[in-house]
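J.: coords please:
(chains A and B)
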Amino acid sequence: MDTEKTGNNTGLFWKLFTAPIGKNNPITVLILGICSALAVTVQLESALVMGLAVTVVTGFSSLIVSSLRTTISPRIRIIVQLVVVAALVIIVDQVLRAYAYNASKQLSIFVGLIITNCIIMGRIEAFALANRPWLSLIDGIGNGLGYGMILVIVAFFRELFGSGTLLGYQIIPESWYIANGGFYENNGLMILPPAALIVVGIIIWVQRSFYKL
Amino acid sequence: MENIISIFVKSIFVDNMIFAFFLGMCSYIAVSKNVKTAMGLGMAVIFVQMVTLPINYLLNTYLLTPGSLAWISPELADMDLSFLSFIIFIAVIASIVQILEMVIEKVAPGLYNQLGIFLPLIAVNCAIMGGSLFMQEREYAGLGEATAFALGSGIGWCLAIVGIAAIREKLSYSNVPVPLRGVGITFILTGLMGIAFMSFMGIKL
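T.: Numbering: from 1, shown residues only, chains lettered A, B, ... in the order given. Purely as a prediction, here's the structure:
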(Lines give C-alpha, C1' and ligand atoms only; values in the text may rest on other atoms or scores of the structure.)
Protein backbone atom coordinates (compact mmCIF):
# COMPACT_ATOMS: atom_id res chain seq x y z
CA MET A 1 0.00 0.00 0.00
CA ASP A 2 1.36 3.43 -0.88
CA THR A 3 1.31 5.30 2.39
CA GLU A 4 3.54 8.18 1.36
CA LYS A 5 0.58 9.88 -0.32
CA THR A 6 -0.13 13.07 1.56
CA GLY A 7 -3.60 14.31 0.68
CA ASN A 8 -6.76 12.97 2.31
CA ASN A 9 -5.13 11.43 5.36
CA THR A 10 -8.35 10.90 7.28
CA GLY A 11 -9.76 8.88 4.39
CA LEU A 12 -6.72 6.61 4.42
CA PHE A 13 -6.92 6.18 8.20
CA TRP A 14 -10.59 5.34 7.99
CA LYS A 15 -10.01 2.83 5.20
CA LEU A 16 -7.17 1.15 7.11
CA PHE A 17 -9.35 1.02 10.17
CA THR A 18 -12.50 -0.40 8.62
CA ALA A 19 -11.12 -2.81 6.00
CA PRO A 20 -10.07 -5.48 8.54
CA ILE A 21 -13.43 -5.24 10.30
CA GLY A 22 -15.41 -5.95 7.14
CA LYS A 23 -14.13 -7.47 3.93
CA ASN A 24 -10.50 -8.00 4.98
CA ASN A 25 -11.35 -9.64 8.26
CA PRO A 26 -8.31 -11.44 9.71
CA ILE A 27 -10.27 -14.48 10.88
CA THR A 28 -12.83 -15.21 8.21
CA VAL A 29 -11.01 -13.96 5.11
CA LEU A 30 -7.30 -14.22 5.85
CA ILE A 31 -7.68 -17.22 8.23
CA LEU A 32 -5.20 -15.89 10.77
CA GLY A 33 -5.29 -16.23 14.52
CA ILE A 34 -7.94 -18.88 14.78
CA CYS A 35 -5.72 -20.74 17.19
CA SER A 36 -6.83 -18.94 20.29
CA ALA A 37 -10.01 -17.47 18.85
CA LEU A 38 -12.40 -20.31 19.42
CA ALA A 39 -11.61 -21.64 22.84
CA VAL A 40 -12.61 -18.42 24.59
CA THR A 41 -16.04 -18.13 23.00
CA VAL A 42 -18.15 -20.17 25.41
CA GLN A 43 -19.10 -16.97 27.21
CA LEU A 44 -19.53 -13.47 25.86
CA GLU A 45 -17.55 -11.92 28.70
CA SER A 46 -14.32 -13.83 28.08
CA ALA A 47 -14.65 -13.18 24.34
CA LEU A 48 -14.89 -9.43 25.03
CA VAL A 49 -11.85 -9.48 27.31
CA MET A 50 -9.85 -11.54 24.81
CA GLY A 51 -10.81 -9.26 21.90
CA LEU A 52 -9.72 -6.22 23.90
CA ALA A 53 -6.42 -7.85 24.95
CA VAL A 54 -5.59 -8.81 21.37
CA THR A 55 -6.48 -5.32 20.10
CA VAL A 56 -4.11 -3.73 22.60
CA VAL A 57 -1.28 -6.13 21.73
CA THR A 58 -1.68 -5.87 17.93
CA GLY A 59 -1.95 -2.08 18.06
CA PHE A 60 1.08 -1.45 20.24
CA SER A 61 3.30 -4.18 18.80
CA SER A 62 2.71 -2.75 15.33
CA LEU A 63 3.48 0.74 16.65
CA ILE A 64 6.71 -0.35 18.38
CA VAL A 65 8.03 -2.56 15.58
CA SER A 66 7.17 0.10 13.04
CA SER A 67 9.13 2.72 14.99
CA LEU A 68 12.09 0.33 15.18
CA ARG A 69 11.82 -0.83 11.57
CA THR A 70 14.86 1.03 10.28
CA THR A 71 17.14 -0.19 13.07
CA ILE A 72 16.25 -3.92 13.16
CA SER A 73 18.47 -6.05 10.98
CA PRO A 74 16.31 -8.32 8.81
CA ARG A 75 18.19 -11.46 9.91
CA ILE A 76 17.14 -11.20 13.54
CA ARG A 77 13.79 -9.52 13.02
CA ILE A 78 11.67 -12.53 14.01
CA ILE A 79 13.27 -12.81 17.42
CA VAL A 80 13.02 -9.03 18.01
CA GLN A 81 9.35 -9.11 17.07
CA LEU A 82 8.71 -12.04 19.38
CA VAL A 83 10.38 -10.23 22.27
CA VAL A 84 8.30 -7.09 21.68
CA VAL A 85 5.08 -9.11 21.49
CA ALA A 86 5.95 -11.27 24.50
CA ALA A 87 6.73 -8.21 26.62
CA LEU A 88 3.37 -6.63 25.69
CA VAL A 89 1.54 -9.88 26.44
CA ILE A 90 3.21 -10.10 29.86
CA ILE A 91 1.98 -6.57 30.63
CA VAL A 92 -1.55 -7.43 29.49
CA ASP A 93 -1.49 -10.64 31.55
CA GLN A 94 -0.35 -8.84 34.71
CA VAL A 95 -3.00 -6.12 34.24
CA LEU A 96 -5.72 -8.76 33.74
CA ARG A 97 -4.60 -10.61 36.86
CA ALA A 98 -4.71 -7.40 38.87
CA TYR A 99 -8.02 -5.95 37.66
CA ALA A 100 -10.03 -8.82 36.14
CA TYR A 101 -8.90 -11.90 38.02
CA ASN A 102 -11.90 -14.08 37.16
CA ALA A 103 -11.68 -13.35 33.46
CA SER A 104 -7.96 -14.04 33.53
CA LYS A 105 -8.57 -17.40 35.25
CA GLN A 106 -11.15 -18.31 32.60
CA LEU A 107 -8.88 -17.41 29.72
CA SER A 108 -6.13 -19.53 31.39
CA ILE A 109 -3.38 -20.30 28.89
CA PHE A 110 -4.99 -18.40 26.06
CA VAL A 111 -3.63 -15.06 27.27
CA GLY A 112 -0.12 -16.47 26.86
CA LEU A 113 -1.05 -17.82 23.45
CA ILE A 114 -1.63 -14.26 22.17
CA ILE A 115 2.16 -14.34 21.58
CA THR A 116 1.79 -16.98 18.91
CA ASN A 117 -1.37 -15.46 17.47
CA CYS A 118 -0.72 -15.32 13.76
CA ILE A 119 -2.61 -12.01 13.37
CA ILE A 120 0.03 -10.14 15.32
CA MET A 121 3.06 -11.55 13.51
CA GLY A 122 1.15 -11.34 10.24
CA ARG A 123 0.37 -7.64 10.62
CA ILE A 124 3.92 -6.86 11.74
CA GLU A 125 5.45 -8.70 8.79
CA ALA A 126 2.95 -7.54 6.20
CA PHE A 127 2.29 -3.98 7.31
CA ALA A 128 4.30 -2.54 10.21
CA LEU A 129 7.72 -3.30 8.69
CA ALA A 130 6.92 -1.20 5.65
CA ASN A 131 4.81 1.65 6.98
CA ARG A 132 4.90 4.65 9.30
CA PRO A 133 4.17 4.12 13.02
CA TRP A 134 0.79 5.90 13.14
CA LEU A 135 -0.59 4.01 10.19
CA SER A 136 0.66 0.77 11.73
CA LEU A 137 -1.07 1.58 15.01
CA ILE A 138 -4.37 2.17 13.19
CA ASP A 139 -3.93 -1.00 11.14
CA GLY A 140 -3.12 -3.04 14.24
CA ILE A 141 -6.12 -1.73 16.16
CA GLY A 142 -8.41 -2.32 13.17
CA ASN A 143 -7.25 -5.91 12.86
CA GLY A 144 -7.60 -6.50 16.59
CA LEU A 145 -11.17 -5.19 16.43
CA GLY A 146 -11.96 -7.33 13.39
CA TYR A 147 -10.76 -10.34 15.35
CA GLY A 148 -12.71 -9.28 18.45
CA MET A 149 -15.87 -8.82 16.39
CA ILE A 150 -15.86 -12.44 15.15
CA LEU A 151 -15.12 -13.63 18.69
CA VAL A 152 -18.10 -11.67 20.00
CA ILE A 153 -20.44 -12.96 17.27
CA VAL A 154 -19.44 -16.58 17.91
CA ALA A 155 -19.68 -16.14 21.68
CA PHE A 156 -23.08 -14.44 21.34
CA PHE A 157 -24.60 -17.48 19.63
CA ARG A 158 -22.80 -20.01 21.81
CA GLU A 159 -23.79 -18.39 25.09
CA LEU A 160 -27.35 -17.60 24.01
CA PHE A 161 -28.15 -21.07 22.71
CA GLY A 162 -25.80 -23.00 24.98
CA SER A 163 -26.72 -21.55 28.36
CA GLY A 164 -29.63 -19.19 27.62
CA THR A 165 -27.73 -16.22 29.04
CA LEU A 166 -25.80 -13.22 27.74
CA LEU A 167 -22.97 -11.76 29.84
CA GLY A 168 -24.33 -13.89 32.66
CA TYR A 169 -27.88 -12.45 32.55
CA GLN A 170 -30.74 -14.83 31.80
CA ILE A 171 -32.19 -13.97 28.37
CA ILE A 172 -34.46 -16.91 27.63
CA PRO A 173 -37.39 -16.74 30.09
CA GLU A 174 -37.20 -19.29 32.92
CA SER A 175 -40.80 -20.38 32.30
CA TRP A 176 -39.89 -21.64 28.82
CA TYR A 177 -37.72 -24.45 30.17
CA ILE A 178 -39.03 -28.00 30.28
CA ALA A 179 -38.09 -28.16 33.95
CA ASN A 180 -40.60 -25.35 34.62
CA GLY A 181 -43.31 -26.84 32.43
CA GLY A 182 -42.28 -25.11 29.18
CA PHE A 183 -41.03 -26.43 25.86
CA TYR A 184 -37.40 -25.27 25.67
CA GLU A 185 -34.09 -26.95 26.47
CA ASN A 186 -30.58 -25.49 26.22
CA ASN A 187 -28.53 -26.91 23.38
CA GLY A 188 -25.65 -28.65 25.14
CA LEU A 189 -23.68 -29.04 21.91
CA MET A 190 -23.12 -25.27 21.71
CA ILE A 191 -20.96 -25.34 24.83
CA LEU A 192 -18.73 -28.09 23.46
CA PRO A 193 -15.67 -27.15 21.36
CA PRO A 194 -16.88 -28.46 17.96
CA ALA A 195 -19.79 -26.00 17.92
CA ALA A 196 -17.34 -23.08 17.71
CA LEU A 197 -15.85 -24.51 14.52
CA ILE A 198 -19.25 -25.03 12.95
CA VAL A 199 -20.41 -21.50 13.87
CA VAL A 200 -17.25 -20.00 12.35
CA GLY A 201 -17.76 -22.11 9.22
CA ILE A 202 -21.26 -20.69 8.86
CA ILE A 203 -20.04 -17.11 9.45
CA ILE A 204 -17.46 -17.60 6.68
CA TRP A 205 -20.22 -18.89 4.41
CA VAL A 206 -22.45 -15.91 5.09
CA GLN A 207 -19.63 -13.39 4.76
CA ARG A 208 -18.30 -14.84 1.52
CA SER A 209 -21.69 -14.87 -0.10
CA PHE A 210 -22.26 -11.29 1.10
CA TYR A 211 -18.98 -9.86 -0.23
CA LYS A 212 -18.95 -12.23 -3.25
CA LEU A 213 -15.34 -13.26 -2.57
CA MET B 1 4.01 -45.75 34.99
CA GLU B 2 0.22 -46.12 34.67
CA ASN B 3 -0.03 -42.41 35.14
CA ILE B 4 2.35 -41.81 32.24
CA ILE B 5 0.36 -44.11 29.94
CA SER B 6 -2.90 -42.47 30.89
CA ILE B 7 -1.48 -38.98 30.24
CA PHE B 8 -0.22 -40.21 26.87
CA VAL B 9 -3.54 -41.69 25.74
CA LYS B 10 -5.52 -38.79 27.15
CA SER B 11 -3.49 -36.17 25.32
CA ILE B 12 -3.99 -37.96 21.98
CA PHE B 13 -7.72 -38.63 22.12
CA VAL B 14 -9.51 -36.80 24.91
CA ASP B 15 -7.57 -33.54 25.15
CA ASN B 16 -6.68 -33.43 21.48
CA MET B 17 -4.87 -30.17 20.67
CA ILE B 18 -7.06 -29.42 17.64
CA PHE B 19 -10.47 -30.76 18.58
CA ALA B 20 -10.58 -29.78 22.23
CA PHE B 21 -8.42 -26.64 22.32
CA PHE B 22 -8.12 -25.39 18.71
CA LEU B 23 -4.35 -25.03 19.04
CA GLY B 24 -2.30 -24.79 15.85
CA MET B 25 -5.37 -24.11 13.73
CA CYS B 26 -3.60 -21.69 11.38
CA SER B 27 -1.15 -24.21 9.97
CA TYR B 28 -3.80 -26.92 10.30
CA ILE B 29 -6.03 -25.07 7.83
CA ALA B 30 -3.23 -23.81 5.59
CA VAL B 31 -1.19 -27.01 5.14
CA SER B 32 -3.92 -29.65 4.96
CA LYS B 33 -4.50 -29.70 1.22
CA ASN B 34 -2.75 -33.03 0.66
CA VAL B 35 -1.81 -35.94 2.88
CA LYS B 36 1.91 -35.98 2.12
CA THR B 37 2.69 -32.43 3.24
CA ALA B 38 0.28 -32.78 6.16
CA MET B 39 2.24 -35.83 7.30
CA GLY B 40 5.50 -33.86 7.00
CA LEU B 41 4.21 -31.02 9.14
CA GLY B 42 2.70 -33.45 11.63
CA MET B 43 6.04 -35.22 12.03
CA ALA B 44 7.82 -31.88 12.47
CA VAL B 45 5.36 -30.88 15.20
CA ILE B 46 5.87 -34.16 17.08
CA PHE B 47 9.62 -33.72 16.81
CA VAL B 48 9.74 -30.09 17.98
CA GLN B 49 7.23 -30.78 20.75
CA MET B 50 9.38 -33.66 22.02
CA VAL B 51 12.45 -31.43 22.17
CA THR B 52 11.03 -28.15 23.48
CA LEU B 53 8.54 -29.37 26.05
CA PRO B 54 11.02 -31.27 28.30
CA ILE B 55 13.43 -28.32 28.13
CA ASN B 56 10.68 -25.91 29.11
CA TYR B 57 9.67 -28.33 31.86
CA LEU B 58 13.18 -28.26 33.34
CA LEU B 59 13.35 -24.46 33.06
CA ASN B 60 9.95 -24.16 34.69
CA THR B 61 10.82 -26.48 37.57
CA TYR B 62 14.31 -25.15 38.32
CA LEU B 63 13.93 -21.50 37.42
CA LEU B 64 10.41 -20.16 37.15
CA THR B 65 8.06 -21.64 39.76
CA PRO B 66 7.90 -19.64 43.01
CA GLY B 67 10.60 -20.88 45.38
CA SER B 68 12.34 -22.98 42.74
CA LEU B 69 15.55 -20.97 42.91
CA ALA B 70 16.34 -22.45 46.33
CA TRP B 71 18.83 -24.86 44.75
CA ILE B 72 21.16 -21.92 44.00
CA SER B 73 21.14 -20.42 47.46
CA PRO B 74 18.59 -20.32 50.30
CA GLU B 75 18.28 -16.53 50.09
CA LEU B 76 16.66 -16.86 46.67
CA ALA B 77 13.94 -19.17 47.99
CA ASP B 78 11.24 -16.47 48.02
CA MET B 79 11.90 -15.26 44.49
CA ASP B 80 9.00 -15.59 42.04
CA LEU B 81 10.00 -15.40 38.39
CA SER B 82 6.82 -16.95 37.01
CA PHE B 83 5.84 -13.72 35.23
CA LEU B 84 8.80 -14.33 32.90
CA SER B 85 7.51 -17.68 31.70
CA PHE B 86 5.91 -16.46 28.43
CA ILE B 87 9.06 -14.77 27.23
CA ILE B 88 11.33 -17.66 28.27
CA PHE B 89 9.13 -20.31 26.66
CA ILE B 90 8.84 -18.48 23.36
CA ALA B 91 12.57 -17.72 23.34
CA VAL B 92 13.36 -21.41 23.94
CA ILE B 93 10.96 -22.49 21.19
CA ALA B 94 12.21 -19.97 18.65
CA SER B 95 15.87 -20.73 19.29
CA ILE B 96 15.40 -24.53 19.37
CA VAL B 97 13.59 -24.37 16.05
CA GLN B 98 16.42 -22.30 14.62
CA ILE B 99 19.09 -24.69 15.95
CA LEU B 100 17.17 -27.77 14.81
CA GLU B 101 16.89 -26.33 11.33
CA MET B 102 20.66 -25.85 11.12
CA VAL B 103 21.50 -29.24 12.66
CA ILE B 104 19.08 -31.18 10.46
CA GLU B 105 20.33 -29.39 7.34
CA LYS B 106 23.91 -30.44 8.20
CA VAL B 107 23.32 -33.97 9.51
CA ALA B 108 20.35 -35.30 7.56
CA PRO B 109 19.76 -33.44 4.28
CA GLY B 110 17.06 -35.94 3.29
CA LEU B 111 15.02 -35.18 6.39
CA TYR B 112 15.71 -31.47 5.89
CA ASN B 113 14.15 -31.60 2.46
CA GLN B 114 11.02 -33.08 3.99
CA LEU B 115 10.75 -31.01 7.16
CA GLY B 116 12.80 -27.94 6.27
CA ILE B 117 10.07 -25.70 4.91
CA PHE B 118 7.81 -26.45 7.87
CA LEU B 119 10.26 -25.71 10.66
CA PRO B 120 9.98 -21.89 10.59
CA LEU B 121 6.18 -22.27 10.54
CA ILE B 122 6.38 -24.24 13.75
CA ALA B 123 8.08 -21.47 15.75
CA VAL B 124 4.76 -19.65 15.87
CA ASN B 125 2.56 -22.75 15.98
CA CYS B 126 0.27 -22.39 18.99
CA ALA B 127 0.31 -26.14 19.59
CA ILE B 128 3.95 -25.94 20.67
CA MET B 129 3.57 -22.86 22.87
CA GLY B 130 0.24 -24.19 24.15
CA GLY B 131 1.88 -27.49 25.08
CA SER B 132 4.42 -25.68 27.23
CA LEU B 133 1.76 -23.50 28.85
CA PHE B 134 -0.47 -26.52 29.56
CA MET B 135 2.52 -28.30 31.07
CA GLN B 136 2.97 -25.33 33.40
CA GLU B 137 -0.71 -25.00 34.27
CA ARG B 138 -1.38 -28.71 34.87
CA GLU B 139 1.77 -29.10 36.98
CA TYR B 140 2.96 -32.45 35.63
CA ALA B 141 5.09 -34.34 38.13
CA GLY B 142 8.43 -35.36 36.70
CA LEU B 143 10.13 -35.31 33.34
CA GLY B 144 8.50 -38.63 32.36
CA GLU B 145 4.97 -37.22 32.54
CA ALA B 146 5.97 -34.06 30.68
CA THR B 147 7.59 -36.10 27.90
CA ALA B 148 4.57 -38.40 27.65
CA PHE B 149 2.36 -35.33 27.30
CA ALA B 150 4.69 -33.91 24.63
CA LEU B 151 4.61 -37.12 22.58
CA GLY B 152 0.85 -37.57 23.02
CA SER B 153 -0.11 -34.02 22.10
CA GLY B 154 2.19 -34.12 19.07
CA ILE B 155 0.72 -37.40 17.85
CA GLY B 156 -2.81 -36.11 18.44
CA TRP B 157 -2.09 -33.02 16.35
CA CYS B 158 -0.51 -35.12 13.58
CA LEU B 159 -3.51 -37.47 13.59
CA ALA B 160 -5.91 -34.55 13.21
CA ILE B 161 -4.09 -32.87 10.32
CA VAL B 162 -3.55 -36.12 8.40
CA GLY B 163 -7.24 -36.97 8.86
CA ILE B 164 -8.51 -33.62 7.58
CA ALA B 165 -6.01 -33.70 4.68
CA ALA B 166 -7.34 -37.09 3.60
CA ILE B 167 -10.90 -35.78 3.73
CA ARG B 168 -10.00 -32.63 1.79
CA GLU B 169 -8.35 -34.69 -0.95
CA LYS B 170 -11.59 -36.59 -1.45
CA LEU B 171 -13.58 -33.39 -1.13
CA SER B 172 -12.13 -31.97 -4.34
CA TYR B 173 -14.50 -34.29 -6.19
CA SER B 174 -17.62 -33.05 -4.37
CA ASN B 175 -19.97 -30.28 -5.28
CA VAL B 176 -19.68 -27.87 -2.34
CA PRO B 177 -21.60 -24.53 -2.46
CA VAL B 178 -19.18 -21.94 -3.88
CA PRO B 179 -18.85 -19.55 -0.89
CA LEU B 180 -18.32 -22.51 1.43
CA ARG B 181 -15.49 -24.01 -0.63
CA GLY B 182 -12.02 -24.23 0.87
CA VAL B 183 -11.88 -22.80 4.35
CA GLY B 184 -15.55 -22.75 5.24
CA ILE B 185 -16.17 -26.43 4.66
CA THR B 186 -12.87 -27.29 6.38
CA PHE B 187 -14.13 -25.60 9.55
CA ILE B 188 -17.41 -27.44 9.48
CA LEU B 189 -15.67 -30.77 8.81
CA THR B 190 -13.29 -30.15 11.69
CA GLY B 191 -16.29 -29.52 13.90
CA LEU B 192 -17.83 -32.83 12.82
CA MET B 193 -14.54 -34.65 13.43
CA GLY B 194 -14.42 -32.98 16.83
CA ILE B 195 -17.88 -34.34 17.63
CA ALA B 196 -16.61 -37.81 16.68
CA PHE B 197 -13.62 -37.37 18.96
CA MET B 198 -15.91 -36.33 21.82
CA SER B 199 -16.95 -39.95 22.11
CA PHE B 200 -13.53 -40.64 23.65
CA MET B 201 -14.46 -38.36 26.55
CA GLY B 202 -16.28 -41.18 28.29
CA ILE B 203 -13.08 -43.22 28.64
CA LYS B 204 -12.06 -43.50 32.27
CA LEU B 205 -8.31 -43.29 32.64
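
J.: rest of the way, CA atoms for contacts and neighbours
T.: Noted.

J.: low pLDDT regions in chain B?
T.: In the prediction, chain B carries residues with pLDDT under 70 at positions B:1, B:114-118, B:121, B:204-205.

J.: which element is the most centrally placed residue in it on?
T.: Nearest residue to the geometric centre of chain B (Cα atoms, centre = their mean): residue B:127, 3.6 Å. Element membership of residue B:127 [criterion: DSSP states H and E] is helix B:126-138.

J.: one step back: which ones are touching the residue nearest to the centre of chain B?
T.: B:17, B:23-24, B:157 (Cα atoms under 8 Å, 6 or more residues apart in numbering or on different chains).

J.: do that again at 7 Å, thanks
T.: Taking Cα atoms under 7 Å, 6 or more residues apart in numbering or on different chains, we find residue B:127 in contact with B:17, B:23-24.

J.: same question, residue B:201
T.: Residue B:201 makes contact with residue B:14 under the criterion Cα under 7 Å, 6+ apart.

J.: ok so it is a helix residue?
T.: Yes: counting by DSSP: H, G, I helix; E, B strand; the rest coil, residue B:201 is part of a helix.

J.: and it, how far is that from residue A:77?
T.: Per Cα to Cα, to the nearest Å, residue B:201 is found 43 Å from residue A:77.

J.: and the helix or strand hosting residue B:95 with helix B:126-138, angle?
T.: Using DSSP H and E, residue B:95 falls within helix B:85-107. Orientation check (axes from the mean of the first three to the mean of the last three Cα atoms, to 10 degrees): helix B:85-107 against helix B:126-138 gives 130 degrees.

J.: after helix B:85-107 comes which helix or strand?
T.: That would be, after helix B:85-107 and using DSSP H and E, helix B:109-115.

J.: ok, residues contacting that following helix?
T.: With Cα under 7 Å, 6+ apart, helix B:109-115 has contacts from B:40-41, B:44, B:104-105.

J.: got a PyMOL select line for the buried ones in the residues you listed?
T.: Of the contacts of helix B:109-115, the buried ones go into a single PyMOL selection, burial set by 16 or more other Cα atoms under 10 Å in any protein chain shown:
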select buried, chain B and resi 40+41+44+104+105
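
J.: and the contacts of helix B:109-115, which two are the farthest apart?
T.: B:41 and B:105 (16.3 Å; Cα to Cα).

J.: what's the weakest-modelled helix or strand in chain A?
T.: helix A:9-18 (a mean of 75; mean pLDDT, DSSP states H and E).

J.: next, the buried residues of that one.
T.: A:13, A:16-18.

J.: quick check: the farthest pair among the residues you listed?
T.: A:13 and A:18 (8.6 Å).

J.: on that earlier part again, what about the helix holding residue B:95, near chain A?
T.: Yes: Helix B:85-107 is in contact with chain A by Cα under 7 Å from any Cα of the partner chain, via B:86-87.

J.: what residues does that helix touch?
T.: A:83, A:86-87, A:112, B:52, B:56, B:64, B:112, B:116, B:119, B:123, B:129.

J.: residue B:65 contacts residue B:79, doesn't it?
T.: No: at 8.8 Å, residue B:65 does not count as touching residue B:79 under the criterion of Cα atoms under 7 Å.

J.: need the contact list for the residue nearest the centre of chain A.
T.: The residue lying closest to the centre of chain A (Cα atoms, centre = their mean) is residue A:147, at 3.0 Å. Applying Cα under 7 Å, 6+ apart, we find residue A:147 in contact with A:26-27, A:51.

J.: now it: phi and psi?
T.: Dihedral pair for residue A:147: phi -70, psi -50, per degrees, to the nearest 10.

J.: likewise for residue A:115?
T.: For residue A:115, the backbone dihedrals (degrees, to the nearest 10) come out as phi -60, psi -40.

J.: ok, how many other residues are close to it?
T.: 30 (other Cα atoms under 10 Å in any protein chain shown).

J.: residue B:71 versus that one, what's the distance?
T.: 30 Å.

J.: and the longest helix seen in chain B with helix B:126-138, angle?
T.: In chain B, ranked by residue count with DSSP state H as the criterion, the top helix is helix B:142-171. Relative orientation of helix B:142-171 and helix B:126-138, computed by the same axes, to 10 degrees: 150 degrees.

J.: from the contact counts, what lies against helix B:142-171?
T.: helix B:2-9, helix B:35-59 (3 or more Cα pairs under 7 Å, 6 or more residues apart in numbering or on different chains; DSSP states H and E).

J.: between these, which one is nearest to chain A?
T.: Checking the helices and strands packed on helix B:142-171 against chain A by Cα to the nearest Cα gives helix B:35-59 as the closest, at 14.5 Å.

J.: nearest to residue A:199 among the contacts of helix B:109-115?
T.: residue B:41 (26.8 Å).

J.: around chain B, which positions in chain A sit nearby?
T.: A:31-36, A:38-39, A:83, A:86-87, A:90, A:109, A:112-113, A:116, A:193-195, A:197-198, A:200-201, A:204-205, A:208-209.

J.: can I have the buried ones of those as a PyMOL selection?
T.: Of the residues of chain A next to chain B, the buried ones go into a single PyMOL selection, burial set by 16+ other Cα under 10 Å:
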select buried, chain A and resi 31+32+33+34+35+36+38+39+83+86+87+90+109+112+113+116+193+194+195+197+198+200+201+204+205+208
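
J.: just the residues of chain A next to chain B: which are in helices?
T.: A:83, A:86-87, A:90, A:193-195, A:197-198, A:200-201, A:204-205, A:208-209.

J.: for the residues you listed, which one is nearest residue A:180?
T.: residue A:195 (26.7 Å).

J.: pLDDT score for that closest one?
T.: We have a pLDDT of 85 for residue A:195.

J.: pretty sure it sits against residue B:191.
T.: Yes: using Cα under 7 Å, residue A:195 is in contact with residue B:191, at 6.4 Å.

J.: what sits against residue B:184?
T.: When contacts are counted by Cα under 7 Å, 6+ apart, residue B:184 touches A:201, A:204-205.

J.: how about those in a markdown table, adding pLDDT?
T.: What follows is the contacts of residue B:184, written out as a markdown table (pLDDT from 0 to 100):
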| residue | pLDDT |
| --- | --- |
| A:201 | 86 |
| A:204 | 84 |
| A:205 | 86 |
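
J.: between those, which sits nearest residue B:48?
T.: Comparing these against residue B:48 with Cα to Cα picks out residue A:201 as the nearest, at 29.9 Å.
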